[in-house]
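Q: got a predicted model here, sequence first, then my questions.
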Amino acid sequence: MAFELSPERAERLEALLGRYPNKAAACLPLLHLAQEERGCVDAEVVAFVAATLDVPPGRVESVASFYTMYDRRPVGRHHLRICTNLSCSLMGAEHLREQLAGELGIRPGETTGDGLFTLSEVECLASCGTAPVMQVNDDYHENLTPESLRKLIADLRAAPAGGG
Amino acid sequence: MERVVTRNFGEPGVHKLAVYEQRGGYKAARKALGMPAADVVAEVKKANLRGRGGAGFPAGVKWGFIPKTDAPKYLIVNADEGEPGTFKDRALIEKDPHQLVEGCIIAAYAIDAHRCYVYVRGELVRAARILQAAIDEAAARGYIGKRCFGRPFELEITIHRGAGAYICGEETALLESLEGKIGEPRLKPPFPASVGAFGRPTIVNNVETLACVPHIIERGGDWFAALGTPGDGGTRVFGVSGHVKRPGLYELPVGTPLRTLVFDHAGGIRGDRKVKAVIPGGSSTPVLLPEHLDAPLSVEGLKAVGSMIGSGAVIVMDETTCTVRAMWRLARFYRHESCGQCTPCRVGCGWIERILHRIEGGLGRESDLDLLRSVADNMMGTTVCPLGDACAMPTLGFLDRFRVEFEAHVQQGKCPFGGVLG
């Protein structure tokens, strides 16, 4: 079935388009909106965005593949993005990455079989003063320790579906 | 020391307009909108406010480049904070969003822009939410809109979220991204002040730069200039991370010695170990040694010791740190973030990353040290934007200042520090 935005998001799109001097400029925000709706940016989303903004699908595809935050495949309910850039690594992020990989049984870039967790190793999240940091979906978890990370994962496992 | 742009940090409820106004907020915007725009620009020039994003260009001079025509103009706020070590703009937005909104109103008025886009890094969902609430509140009060503060000046402020690309912090890549494209930097000239967003005259300013503006208007350019050093006015929000006892943000006068920041404010080195290396201005700036700690934190002061103030992000490494691994990690970042448009950067960042990886992994050769230098030299100044330089400069810095450690890796065939950071 072809992709469409929910009425609520379609309204947000309308408001968005009025903010730019041309439709093509809304490519990034619309991809964000569409990803919210579908959970990832797949071929149908790309086709939808291209048709909505009146730009070639190839251009949308290039944008979707250039920026790291567009998930090209479905991700787990909890997307764990652990920063291992310098400030975080100086504070132990390399150890935390290994701890996560061990506890979840996956490597960065993979999703657990139950669909609960996707693990990504990411670049600096602008939280170096409270390193090490991990982003879980939209939220930052700062000053992580092996213990606080273990507890965080346990809490996420116990969180009800839809609870982010 | 009096805090300027972080003066409201920790004030309960200051993200609400009423509290911000009780603290003296929006007085400067009211004042500015009653002044001729040229006088606003002149005041900022007088303040010697240099861009806080990394390049350090004088903000008032930049504003002065905007042509005096009726054509649409744009103000863009660069909130695409992503330089490793840097975390000040996120805090400035989250902890005092109205200060940024007020800075935007004044700057937009000064350059006669009626549309302002705040390009917020995609990951900073919370910051974007807080800023949107502040924008909505200011609009509801009539501070933004058809007639800002009841005066004949119209302004609309829109948050444009990025989607994960460090290169979009480079101002022309940011403009491409704002236009809905991949973040490939543009050749300059033309500079954005003549041909910027959507082909129109555009000013791109960093968050902290704009956060300074209300204070300059309220208290005068001379006052602001006097806080800093000649030609480099005001305070800066320095971010300290790494092996210090109290990592965090410290707002200090421009020209404060690096040692004062690291030892007096950030509490010195964890476990009272020895300091080995300090990156003074974000990951793109060449690393310094303990003997450089008395350098003043200013554009000129750090230039004198072969580095740069950049974004004011100080990364401290103690004596247990492997500098080869540290540089390898940074090179991985640049390889990942190179947009790929220019061959020296696309190929060079990858090459540097792979050479450092094999040295760190114990498979380096004697010739690798010269090879690193050769690759880095060939990247410098050969690309459209400074990302290639941003990888080459710290590579040369680490290599020059820690050559003995690089050699030890090659000679021992392993990382003498155990092959892990932290």
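A: Cool, got the structure.
Q: what does the stretch 201-350 of chain B have sitting close to chain A?
A: When proximity is defined as C-beta under 8 Å from any C-beta of the partner chain, the stretch 201-350 of chain B approaches chain A at B:239-243, B:247-249, B:279, B:283, B:313, B:315, B:317, B:321, B:326, B:329-330, B:333, B:336-337, B:339. Quick note: C-beta positions are derived from backbone N, CA and C, even for glycine.
Q: just those: which are in strands?
A: Secondary structure from DSSP state E places B:G239, B:V240, B:S241, B:G242, B:G248, B:L249, B:I279, B:A313, B:I315, B:M317 of those in strands.
Q: now B:A32: phi and psi?
A: Backbone torsions of B:A32, given as degrees, to the nearest 10, read phi -60, psi -40.
Q: contact partners for it?
A: Contacts for B:A32 (C-beta atoms under 8 Å, 6 or more residues apart in numbering or on different chains) come out as B:V40, B:I105, B:I106, B:Y109, B:A110, B:I217.
Q: what is the nearest of those residues to chain A?
A: Nearest to chain A out of these is B:I105 (C-beta to the nearest C-beta; 17.5 Å).
Q: would you point out which residue is most central in the chain?
A: If you meant another chain, say so; for now it's chain A. With distances taken as C-alpha atoms, centre = their mean, chain A has A:M69 as the residue nearest its mean C-alpha position (5.0 Å).
Q: you answered for a different chain; I wanted chain B.
A: Central residue of chain B (C-alpha atoms, centre = their mean): B:G53, 2.8 Å from the mean position.
Q: how near is that residue to B:G231?
A: B:G53 sits 18 Å away from B:G231, taking C-beta to C-beta, to the nearest Å as the criterion.
Q: now do B:E123
A: From B:E123 to B:G231 the distance is 35 Å (C-beta to C-beta).
Q: cool, B:E102 as well?
A: 26 Å.
Q: re earlier: B:E123 and B:G231: which is more packed in?
A: The residue with more neighbours, out of B:E123 and B:G231, is B:E123; 28 against 13, by other C-beta atoms under 10 Å in any protein chain shown.
Q: tell me which residues touch that one, please.
A: Going by C-beta under 8 Å, 6+ apart, B:E123 touches A:M69, A:R81, A:L125, A:A126, A:Q135, B:G164.
Q: just those residues: which are in strands?
A: Cross-referencing the contacts of B:E123 against strands under DSSP E gives A:R81, A:Q135.
Q: make JSON lines out of the contacts of B:E123 and add distance to B:G364.
A: What follows is those, written out as JSON lines (distance: C-beta to C-beta, whole Å):
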{"residue": "A:M69", "distance to B:G364": "35"}
{"residue": "A:R81", "distance to B:G364": "31"}
{"residue": "A:L125", "distance to B:G364": "31"}
{"residue": "A:A126", "distance to B:G364": "32"}
{"residue": "A:Q135", "distance to B:G364": "34"}
{"residue": "B:G164", "distance to B:G364": "32"}
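Q: and the two most separated of the contacts of B:E123?
A: A:M69 and A:A126 (14.0 Å; C-beta to C-beta).
Q: B:D370 looks like it's in a helix, true?
A: Yes: under DSSP: H, G, I helix; E, B strand; the rest coil, B:D370 falls within a helix.
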